[in-house]
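Undergrad: how would this look folded up:
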Amino acid sequence: MRTAELLSTAHVGAGDEVVVPSYATAATAEAVRDTGALPVFADIAPQSLCLDPASVSRAITARTVAVAAVPLFGHPVDLAALQRAAGRTVLVLAPTDPTDGAEEGEGEEGVARRRANAAYLDARLTGVTPVTAPGILHRYHSYVVRVPGNGRPDRDAFARALLDRGVRCRVPVQTPVHRLPSFRRELWLPETERAAGECLALPVDAGTSRRELQRLVAACNALGGLLPAAAA
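TA: Numbering: from 1, shown residues only. Okay, the predicted model is just below:
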């Protein structure tokens, strides 16, 4: 069920507030606004990039009726923790967001292949840091890593260098939703800002060949995870 349908089922409407992630596409916040409710942005947990229960708890007000928890990149949300943070009277939603990268009609064979590709990278990458919480069953719609350094110039230079070497990559979230003109809020969400400046998505889809993975590892490790902006 899509976000708009879930919000309708929960009877979200004018005067209500719904806590949403800013580290995502604008789709969830737009769906909330379309109901007449106000999207309220919370920060993310650094290991999962999903909503941080502690930040959600701080965002709850008397008008909060729901928390829209987006399972980004195939990483499941911690619904139990969000329920505890939100309180008994708040419905926690788990809509699919376009940023999640889920493929239509995906089968478990494809998921298994992505997990195998991710495991290959986990064991060999030294120039970047994979983003995943321990002990979870990740579906790896995207394999997201952090490029260590001083923020976006380093990450973007690193991405350009990978592309020059024939390695597919993309910045998963260019601008947090709370900084978009249509949703601008005077907020400081430190983990959201950090992820927007450091994260990069690398290919682990089922069609990625072993040769591509080897080229990816060689390029990332050779670059070392840090490039000055002028280097690219």
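Undergrad: how many neighbours does A133 have?
TA: By the criterion of other Cβ atoms under 10 Å, A133 has 15 neighbours. (C-beta placed from N, C-alpha, C; glycine too.)
Undergrad: make 52 the starting number, not 1.
TA: Sure, I'll start numbering at 52, so the last one becomes A184.
Undergrad: what's the first helix or strand after the top helix by length along the chain?
TA: Longest helix in the chain by number of residues, with DSSP state H as the criterion: helix 159-175. Counting by DSSP states H and E, the element after helix 159-175 in chain order, helix or strand, is strand 180-181.
Undergrad: picking that back up, contact partners of the longest helix of the chain?
TA: 125, 154, 181, 189-192, 194, 253, 255-257, 259, 261, 264, 267-268, 272 (Cβ atoms under 8 Å, 6 or more residues apart in numbering).
Undergrad: check stretch 105-115 too.
TA: So stretch 105-115 is contacted by 66-70, 89, 91-95, 118, 133, 136-138, 141, 240 (Cβ under 8 Å, 6+ apart).
Undergrad: from the residues you listed, which land in helices?
TA: Using DSSP H, the contacts of stretch 105-115 in helices are L133, A136, A137.
Undergrad: ok, now which ones touch the first one?
TA: Taking Cβ under 8 Å, 6+ apart as the contact definition, L133 lies against L102, P104, V107, V118, A120, V143.
Undergrad: try 10 Å
TA: Listed by Cβ atoms under 10 Å, 6 or more residues apart in numbering, the contact partners of L133 are 70, 93, 101-104, 107-108, 118, 120, 141, 143-145.
Undergrad: what of the second one?
TA: Remark: with contacts taken as Cβ under 10 Å, 6+ apart, A136 is in contact with 70, 93, 102-111, 118, 129, 143.
Undergrad: before we move on, what about A82?
TA: 53-59, 63, 69, 71, 88, 90, 119, 144, 146, 148.
Undergrad: do the same with A88
TA: A88 sits next to 58, 61, 63-69, 82, 114-117 when contact means Cβ under 10 Å, 6+ apart.
Undergrad: sheet partners, orientation included, of the worst-scoring helix or strand of the chain on mean pLDDT?
TA: Ranked by mean pLDDT, DSSP states H and E, the weakest helix or strand in the chain is strand 142-144, scoring a mean of 74. The strands beside strand 142-144 in its sheet (DSSP bridges) come out as strand 115-119 (parallel).
Undergrad: can I get the partner strand in PDB? Just the C-alpha atoms.
TA: In PDB, the C-alpha atoms belonging to strand 115-119 read as follows (Å, rounded to 0.1, in the frame of the first residue of the first chain):
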ATOM      1  CA  THR A 115       1.000  14.100  16.000                       C
ATOM      2  CA  VAL A 116      -1.200  11.300  14.600                       C
ATOM      3  CA  ALA A 117       1.400   9.200  12.700                       C
ATOM      4  CA  VAL A 118       5.000   8.500  12.000                       C
ATOM      5  CA  ALA A 119       5.900   7.700   8.400                       C
END
